[in-house]
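> A predicted structure for the sequence below; I have some questions about it.
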Amino acid sequence: MNAPQLKLYTLLKNDGRLSDAKARELIEAFDELIQQHIKNASPEYQSAQKGNLLRLETNLRTEIKNINLDAGKWMIGLYIILGFAFMLLELYFKK
């Protein structure tokens, strides 16, 4: 284990209840650990994750466009059906 992991381990092992100072130390240990993992992440992994996020974003955008198109089609269809329904009601009540 490296230094941030050891620090985090000792904090969790020795303290069941945390005071403000210990909580601050725990947060700092987490921060150090996260920063170390970010620095150690390979560029290939980072670019793969970025590619995955971009692909997910484009998929979401196309799905949103499809949903908007479908909603527009439903609104037009509803407008036409209601138009015919009112036309039939008007013809029925004219008699």
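Structure received. Numbers count the residues shown, from 1 in each chain.
> and the helices in the chain?
3-14, 20-40, 43-94 (DSSP state H).
> can you list the ones you listed in JSON lines and add mean neighbour count and mean pLDDT?
All C-beta atoms are positioned from the backbone trio N, CA, C, and that covers glycine. Shown next, in JSON lines, are the helices of the chain (neighbours: other C-beta atoms under 10 Å; pLDDT from 0 to 100):
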{"stretch": "helix 3-14", "mean neighbour count": "13", "mean pLDDT": "66"}
{"stretch": "helix 20-40", "mean neighbour count": "12", "mean pLDDT": "75"}
{"stretch": "helix 43-94", "mean neighbour count": "10", "mean pLDDT": "89"}
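> how far out from the middle of the chain is stretch 58-72?
17 Å (C-alpha atoms, centre = their mean, to the nearest Å).
> quick one: I76 and L89, what's the gap?
I76 is 21 Å from L89, where distance means C-beta to C-beta, to the nearest Å.
> over to L82?
L82 is 10 Å from L89, by C-beta to C-beta.
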